[in-house]
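Student: pasting the sequence and the predicted model now:
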Amino acid sequence: MIALGVGLSPLIIARRAAKQRPEKLIDFSVVTEWRFMFIAAAGFFAMGPNTIPYLLMPTYVADVLKEHSKLGSSLVTIINVSGIFGRFLAGMLADRFGPVNILIIWVFLAAFSQLGIWLPFASVPAVIASAALFGVAGAAIVGMLLNALSQLFGVSRITYISGIIYMTYSISSLIVAQTTSLMLDTVGHGTDYTWPIVYTGMLLLVAFVILIVFKFKISRQFTYIV
């Protein structure tokens with residue numbers, strides 16, 4: 001009992017720090033800051049395609065590769081499992097090299113998984129490799145966006161900033177999913193996935209370019225940690 005009392009005494013007698021109440025319940029002043037606008041614009045183009053491989057790959061293997069539907073469900077599993085590794089690796093690298101720098105690399109890898117692997121090679125190994133790489137890169141994009149924003153604006157403002165980012169995520173995902181489905185039904189006639197894949201990859205490349213411009217707007221030093 002004495003040991004327990006000694007152990008708990010600092011918690012009992014310690015003076016609790018007064019909680020800081022936010023000045024505003026909802027603060028949209030951040031949207032006027034150019035750093036937020038760059039990150040939000042990159043997030044809009046990068047987060048929208050985040051669900052497209054989940055939607056297209058299972059039907060792609062059945063319609064184009066003529067494989068069993070079990071492969072389609074396996075691809076979703078591959079994306080999810082590789083995403084665990086991608087989040088962990090991105091977090092470790094972001095601590096060392098900066099979240100924006102890692103976000104640039106991860107967005108490029110996500111684009112490459114679509115345009116460099118999935119698009120030119122219509123085969124089972126290619127689509128598996130594309131799913132694995134997209135899982136590693138795509139799963140960490142949202143987390144890296146929030147990591148970058150918390151570093152740029154401070155942890156105290158991340159609550160409502162993250163709300164705005166997730167609102168952007170939902171709007172972007174809805175728009176991209178609908179346009180991709182429409183593109184597959186009209187241009188692709190339900191079986192040609194070329195333009196939906198190109199569309200997904202190009203959106204990610206737009207996000208990549210925005211992030212590159214953002215980085216060099218902050219500092220022209222290529223090795224600058226941000």
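Tutor: Cool, got the structure. Residues are numbered from 1 along each chain as shown.
Student: count the neighbours of the closest residue to Ser123 other than its chain neighbours for me.
Tutor: Spatial nearest neighbour of Ser123, excluding adjacent residues (CB to CB, 6 or more residues apart in numbering): Leu65 at 7.3 Å. Bear in mind the C-beta positions are built from the backbone N, C-alpha and C, glycine included. By the measure other CB atoms under 10 Å, the count of residues near Leu65 is 15.
Student: give me the three-state assignment for Leu65.
Tutor: coil (DSSP: H, G, I helix; E, B strand; the rest coil).
Student: list the contacts of it.
Tutor: Leu71, Ala122, Ser123, Val124, Val127 (CB atoms under 8 Å, 6 or more residues apart in numbering).
Student: what sits against the first one?
Tutor: For Leu71, the contacting residues are Val61, Leu65, Val124, by CB under 8 Å, 6+ apart.
Student: for it, give its distance to Val124.
Tutor: 7 Å (CB to CB, to the nearest Å).
Student: now do the shared contacts for these two.
Tutor: Val61, Leu65.
Student: and the contacts of Leu65, which of them are in helices?
Tutor: The helices, defined by DSSP state H, take in Leu71, Val124, Val127 from these.
Student: what is the nearest of those to Phe44?
Tutor: Val127 (26.7 Å; CB to CB).
Student: wait, isn't that closest one in contact with Trp118?
Tutor: Yes - counting by CB atoms under 8 Å, Val127 touches Trp118, with 6.1 Å between them.
Student: and for the two, which residues touch both?
Tutor: By CB under 8 Å, 6+ apart, no residue touches both Val127 and Trp118.
Student: measure the spatially most central residue of the chain to Ile164 for me?
Tutor: In the chain, the residue lying closest to the centroid (CA atoms, centre = their mean) is Ile141, at 2.0 Å. Noted for Ile141: a distance of 16 Å to Ile164, by CB to CB.
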